[in-house]
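In: give me coordinates for this.
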Amino acid sequence: MDVSTKILIVEDNFVEANHLRLMLKKAGYAICGIARTVIEAKEYIKKDRPGLVLLDIFLLGRETGIDLAKYLNEENIGFIYLSANSNEEILNAAKATRPYGFLVKPFREKDLLITLQIAGYHQQYGIESSIRKEQLFQKQLNNLLDDSGSWDERLFKVGKAIQPLIPFDLIVAIYRTGPDPEDIVLGFLRVGFTEYQKITIDELQNLSRLKLLEIRKLQANTVIDTSVTLYAGDDFVKATQVPNMKKLIADYLGMRSNLSLPIPLSINKNQRYFFSFFSRKTDGFNDAHLEICKRLQQPLIYTVENILLRDKKAYLQETPTLLGPKKNYKEGFEGIVGKSRLLMEIFDHIAQVAPGDTTVLITGESGTGKERIASSIHKLSPRKKGPFIKINCASLPSNLIETELFGHEKGAFTGATDRRIGRFEQADKGTLFLDEIGEMPLDMQVKLLRVLQEREIERVGGSTPIKVDVRIIAATNRNLEKEVAEGRFRLDLYYRLNVFPVHLPSLRDRREDIGLLARHFIDIFNVKTHKNITGLSAGALNSLLSYNWPGNIRELENLIERSVLLCKGATIEEIPLPANRVQVHVIMEESKLQTIEENERAHIIAALKQCDGRIRGANGAAIILGVPPTTLASKMQKLGIKRTHS
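Out: Next up, the predicted model:
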């Protein structure tokens, strides 16, 4: 963050606030004041708007730092929380306000300055990302004016252009042509990453079993907003308590929040037009989306009026169809299979972050597909023609990680007979994927942080800095916030990596994708084994859906491969699920009372017992756990597990 940025300190402890002021002043930052309460902070902001606020969570008075954070978001002012040890509920509430970072008390001057640098990076990325998306939207609207096609096709393109800015599950365009509430309604329900189902009055009648006259009464009861309006939480509940179109959509399409965007028409003052966005999540929209809608309103007025003038016919009342390119399930999004809501959100995140150079942190359990997500981000980025270099931080001994990452000069150590180029240099002009970053030793974390900050490396045994142009994508199955709290992962490195977090859901949290994934793997192994298995029996599918999937997608893939090999007919009748699946579930439940390492150690020992100590092979523990044998061997060594434990 630029030292010219004015900083407001909101801290009710004078000693701590003054200590902060002295550290900031020493570093060259301008301090516009110290406030002890939310009221004082707002007064300072009105007098001298800061560029950043350092904000304690607990303050004097009735309002907390979290309350002030909501106001700062409305004012588009970035902030960093100052906190001592808080309970999980408070930290989750604080994280929901989207801070640039956390400074955990007590902190050093170096921690403060690094956190300010990271905040500047977050701020710059947020501005650039918003500008880039809105510029793309404006370009797509301009192109629409020259497009041919039917009314509903052009409105569908408008909806697709809005999707990256307003993450809707359903968009409805309503055109009220006169005083009678016979609205012309056309909606698009998102059913896949690029697939949308057309929703008309006929479709709503079919879903609700209501007569047309009853639908017209609901339209008459629906309030037409005159300004951009957000309905979330209690506001949405209240709006759907009376019989109206919002209630109909909530009841039959499962929507839980709404954003209304009116389009004032100058071509006919008696006509009303508006877009209504719906989300299945109660927190699907927020004040930031409200502000985006206000900015989109003017360009949308021009586009909608042009569409209306070019084609004054009513909307086509056809049987609902899928619009947009139909993709084979095997392709999905960049080869990723699934159509669940959780996975759609991941696809949206990938599409959002891929075009830039932003550092991405992918989290999720083992076997959820973190490497595939990293590869997709690379393939969709401007660096796609450059190298995609992978390194697993868990599979290397600590004394080899540095030379693997940075390389070494000839003679740097005993056995270094030649110069070695490290992964950073190999990834120049491309992407470096640091898998299992949570396993990296603390001393290497310091060196990695320096490289990320300075964009240059030094080979082991060398003295000349080498500039590198590399995008970093990191992944871990650990809870890094907990690792930071327990001193195993550096706070400054965490925030440097966590610029754009992507959390992958476990397979048990998106069970609706299990059937698609199973079909996908059957097709793959049909080719490899020269078989022609057509699918799963109902019993086999039910067993897949009821299993807990501790190994996630990798475990499913291994089980389907084994099932294909064992299958003697055209249909897989039985899935060879682990005999101790109930025991595995019990272990997972009990692990809530254990540390991550204790849980992981117990789980590996249980798998080894089942496999009689065997690690590799078709009946080895690596297959059950869904990890490569080399990774399992490395984890066993780290956790002190010997085969004698079995």
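In: so which residue is dead centre in this protein?
Out: When the chain is reduced to its mean C-alpha position, the nearest residue by C-alpha atoms, centre = their mean turns out to be Val502, at 3.7 Å.
In: which element is Phe188 on?
Out: strand 184-190 (DSSP states H and E).
In: show me what the helix or strand following that strand is packed against.
Out: Secondary structure here is assigned by DSSP H and E; on that basis, the next helix or strand after strand 184-190 toward the C-terminus is strand 196-199. Strand 196-199 makes packing contacts with helix 151-162, strand 184-190, strand 322-323 when contacts are defined by 3 or more C-beta pairs under 8 Å, 6 or more residues apart in numbering; DSSP states H and E. (Glycine included, C-beta is placed from N, CA and C.)
In: go again with 6 Å.
Out: Counting contacts by 3 or more C-beta pairs under 6 Å, 6 or more residues apart in numbering; DSSP states H and E, strand 196-199 packs against strand 184-190.
In: partners of the strand it packs on in the sheet?
Out: Listed by DSSP bridges, the sheet partners of strand 184-190 and their directions read strand 170-176 (antiparallel), strand 196-199 (antiparallel).
In: how far does it sit from the chain's center?
Out: 26 Å (C-alpha atoms, centre = their mean, to the nearest Å).
In: and the contacts of that strand?
Out: 152, 156, 159, 169-175, 196-197, 199, 201, 314-315 (C-beta atoms under 6 Å, 6 or more residues apart in numbering).
In: ok, Ser366 to Gln352 distance?
Out: In this structure, Ser366 and Gln352 are separated by 26 Å, where distance is defined by C-beta to C-beta, to the nearest Å.
In: ok, now Arg383?
Out: Between Arg383 and Gln352 the distance is 16 Å, computed by C-beta to C-beta.
In: the stretch 1-150 of the chain: strands as residue ranges?
Out: 6-10, 30-35, 52-56, 78-83, 101-104 (DSSP state E, counting those that start in this stretch).
In: now the ones you listed as a markdown table including mean neighbour count?
Out: Listed next are those as a markdown table, based on neighbours: other C-beta atoms under 10 Å:
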| stretch | mean neighbour count |
| --- | --- |
| strand 6-10 | 23 |
| strand 30-35 | 18 |
| strand 52-56 | 25 |
| strand 78-83 | 22 |
| strand 101-104 | 20 |
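In: so which of those strands comes closest to Ile524?
Out: strand 101-104 (42.7 Å; C-beta to C-beta).
In: so in that sheet, which strands flank the closest one, and in what orientation?
Out: Each strand that pairs with strand 101-104, with its direction, by DSSP bridges: strand 78-83 (parallel).
In: so who does the spatially closest residue to Ser279 that is not a sequence neighbour touch?
Out: Spatial nearest neighbour of Ser279, chain neighbours left out: Ser257 (4.8 Å); criterion: C-beta to C-beta, 6 or more residues apart in numbering. Ser257 sits next to 232, 236, 279, 282, 284-285 when contact means C-beta under 6 Å, 6+ apart.
In: could you redo the last one with a cut-off of 10 Å?
Out: Ser257 sits next to 168-169, 230-233, 235-236, 250, 277-286, 289 when contact means C-beta atoms under 10 Å, 6 or more residues apart in numbering.
In: go on, Pro387?
Out: When contacts are taken as C-beta under 10 Å, 6+ apart, Pro387 is in contact with 378, 423, 426-432, 470.
In: which regions of the stretch 1-150 of the chain sit below the pLDDT cut-off?
Out: 1, 84-88, 121, 124-132, 145-149 (pLDDT under 70).
In: ok, back up a step: which members of the contacts of Pro387 are classed as buried?
Out: Among the contacts of Pro387, those that count as buried by neighbour count (16 or more other C-beta atoms under 10 Å) are 378, 423, 427-428, 430-432, 470.
In: and the closest residue in space to Met255 that isn't next to it in sequence, how far is that from Leu186?
Out: With sequence-adjacent residues excluded and distances taken as C-beta to C-beta, 6+ apart, Met255 is closest to Phe278, at 3.9 Å. Counting by C-beta to C-beta, the separation of Phe278 from Leu186 is 14 Å.
In: circling back to that earlier point, contact partners for the residue nearest to the centre of the chain?
Out: When contacts are counted by C-beta under 10 Å, 6+ apart, Val502 touches 345-346, 349-350, 352-353, 360-364, 370, 373-374, 377, 473, 475.
In: these in helices, which ones?
Out: Counting by DSSP state H, the part of the contacts of Val502 found in helices is 345-346, 349-350, 352-353, 370, 373-374, 377.
In: let me see the domain layout of this structure.
Out: In terms of domains, the chain is parsed into 6-121, 145-323, 341-503, 510-645 (source: automatic domain parsing).
In: any chance of TSV for those domains, columns distance to Lys133?
Out: Output for these, formatted as TSV (distance: least, C-beta to C-beta, whole Å):
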stretch	distance to Lys133
domain 6-121	16
domain 145-323	5
domain 341-503	8
domain 510-645	26
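In: is Val172 bridged to anything, and to what?
Out: When Val172 is checked against DSSP bridges, its beta-bridge partners turn out to be Gly187, Ser276.
In: surely it and Lys198 touch.
Out: No: at 11.0 Å, Val172 does not count as touching Lys198 under the criterion of C-beta atoms under 10 Å.
In: please identify which of those two sits among more neighbours.
Out: Comparing Val172 with Lys198 by neighbour count (other C-beta atoms under 10 Å), the higher total belongs to Val172, at 26 against 19.
In: let me see the confidence value for that one.
Out: The predicted local distance difference test score for Val172 is 93.
In: can you show me the strands along the stretch 451-600 of the chain?
Out: Applying DSSP E, counting those that start in this stretch to the stretch 451-600 of the chain gives strands spanning 456-457, 466-467, 470-476, 500-503, 535-536, 571-572.
In: which of the ones you listed sits most buried?
Out: Burial among the strands of the stretch 451-600 of the chain, expressed as mean neighbours by mean count of other C-beta atoms under 10 Å, is greatest for strand 470-476, which shows a mean of 25.
In: what lines up beside it in the sheet?
Out: Each strand pairing with strand 470-476, determined using DSSP bridges, is listed with its direction: strand 360-363 (parallel), strand 430-435 (parallel).
In: turn those strands into CSV, including distance to Ser543 and mean pLDDT.
Out: Conversion of those to CSV gives the following (distance: least, C-beta to C-beta, whole Å; pLDDT from 0 to 100):
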stretch, distance to Ser543, mean pLDDT
strand 360-363, 29, 96
strand 430-435, 31, 96
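In: out of those, which comes closest to Leu210?
Out: The minimum distance between Leu210 and the strands paired with strand 470-476 falls on strand 360-363, with 44.5 Å, by C-beta to C-beta.
In: returning to that earlier point: now which of the ones in helices among the contacts of Val502 would you call buried?
Out: If you count burial by 16+ other C-beta under 10 Å, the buried members of the ones in helices among the contacts of Val502 come out as 346, 349-350, 352-353, 370, 373-374, 377.
In: between all of these, which two are separated the most?
Out: Among these, the pair separated by the greatest distance (C-beta to C-beta) is Gln352 and Lys370, at 17.7 Å.
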